[in-house]
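1. Need coordinates for the below:
(one chain, ligands or ions: 1)
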Amino acid sequence: MIKQLFTRLSEVWPAVERIARAEGVVRIGASDLDDTHSGLFDEWIEHGHHATMRYLEKSASIRRHPEGRFPWAKSAVVILVPYASTRPDAPPGALSNHLARYALGDDYHEVLDGILRKIETAAAPHGKTWRYVDTGPLSDRSLATQAGLGWIAKNAMLINEEIGSYTFIGTLLTSLENDIAPDPVADRCGTCTRCLDACPTDAILPNRTVASDICISYATIEHRGPLPDITLAGNAFGCDICQEVCPWNNSPAATHLSFAPRDEYRATPITDLLRYEQSDFSTLFRKSAVKRARLAGMQRNVAALTEEESRGMLKP
Ligand code: B12
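-> Predicted coordinates for the structure are as follows:
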């Protein structure tokens, strides 16, 4: 029997949606590859807002011309997967009080890649595919907003009107024609400026981008060497302040099972990390996004927090 080859995304869409839902995906859509706001990215790089994240500079030309790197790609299947929207109850000084929500469970790179791998089984027999989570040379947020999954908010986050911004974005490029019409999305930020007002370092820029060099998330996760001269406002890894104050995060989706906060982080006093060896660090943060900061980075962050606390600065 000759196997039928599809050429359009709509032909595989029922299967794609079915697999996605079964895997805990809460929103799914499709986008073309072009980023209609790639000029904003160029501007951001020109101003040095990427700080030491040079890989972003290197991929700028692919963002501008994705067809150069992916000549076969015609569409991107984009998924949203929710992580924990609240931190668990924990005693003062517990590690979990000082980790960004996205890092309380398993590493999202692996989890979303696993989900995309399953979705891929519906599309791959009909052409080429390429999965990526975060690490690709394209803007996940641009693809998600173009797929009708939300709008780009004043805090730069992709916000879905029904479930807010505590979601990861995963992307599957395919060689199938994109004939899935996106739902229309309105910008719902209105006159609200809560995120801009709450950011302790004024890292959020008026054009809905972030100055990484003064962003707490960047400093605690990506920056190597001595910390920039900014407050960490109680954060040891990542920062959620601009999301915590957002009214669109009042009715989040249920956390995907893989991102349920780990008990070990509630039970570990944050200052224990100062005495950790590499093997302790690798065990506690096995399959966790926190590994990105490395032991030296986490010890640097915890030491800075302890110092801030002794000067009476606030905890989250
Ligand atoms: C580098 C990076 C960072 C940097 C820089 C963040 C930033 N805002 O630029 C740092 C380390 C600071 C960081 C922090 C965080 N990050 Co980050 N990060 C990335 C990464 C790898 C690239 C982002 C990037 O290129 N930034 C440069 C800006 C200019 O580009 P952009 O954010 O893609 O924005 C585009 C859209 O806004 C687009 N656009 C499209 N339509 C429209 C419409 C309008 C009106 C406008 C203005 C713009 C616009 O234009 C921009 C340029 O193309 C992406 C993964 C990826 N490959 O996309 C994850 C990603 C953006 N991060 C993510 C997360 C979860 C976080 C944190 C919440 C983690 C934490 N708790 O600490 C914080 C949030 C900080 C914040 N408010 O943005 C998620 C965001 C999910 C979501 N719902 O939006 C992503 C998508 C990872 C993922 N796959 O899930 N991150």
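2. mind listing what the closest residue to the ligand within the stretch 151-300 of the chain touches?
-> Using Cβ to the nearest ligand atom, the single residue of the stretch 151-300 of the chain nearest to the ligand is residue 238, 2.9 Å away. (C-beta placed from N, C-alpha, C; glycine too.) Contacts for residue 238 were tallied using Cβ atoms under 8 Å, 6 or more residues apart in numbering; they are 99-100, 102-103, 216-217, 220-221.
3. Close to the ligand: what parts of the chain are there?
-> Applying Cβ under 6 Å from any ligand atom, we find that the chain lies next to the ligand at 35, 37-38, 40-41, 44, 53, 56, 100, 102, 133-134, 136, 139-142, 145, 152, 155-158, 165, 167-169, 208-210, 212, 215, 217-218, 221-222, 238-240, 242.
4. Could you tell me which of these are located in strands?
-> 152, 158, 167-169 (DSSP state E).
5. The closest residue to residue 59 other than its chain neighbours - how many residues pack around it?
-> Ranked by Cβ to Cβ, 6 or more residues apart in numbering and with sequence neighbours excluded, the top spatial neighbour of residue 59 is residue 137, at 3.4 Å. Burial of residue 137 is recorded as 16 neighbouring residues (other Cβ atoms under 10 Å).
6. Isn't residue 137 up against residue 64?
-> No - applying Cβ atoms under 8 Å as the test, residue 137 and residue 64 come out as separate, 10.3 Å apart.
7. Could you list the residues in contact with stretch 103-115?
-> For stretch 103-115, with Cβ under 8 Å, 6+ apart as the criterion, the contacting residues are 20, 23-25, 79, 81, 83-84, 87-88, 96, 102, 131, 133-135, 168, 170, 237-238, 255-256, 258-262, 265, 287-291.
8. all strands in the stretch 1-150 of the chain, in order from the N-terminus.
-> Per DSSP state E, counting those that start in this stretch, the stretch 1-150 of the chain has strands spanning 27-31, 75-82, 129-132. These are given in chain order.
9. Mean neighbour count, those: which tops it?
-> Most buried of these, by mean neighbour count (mean count of other Cβ atoms under 10 Å): strand 75-82, with a mean of 26.
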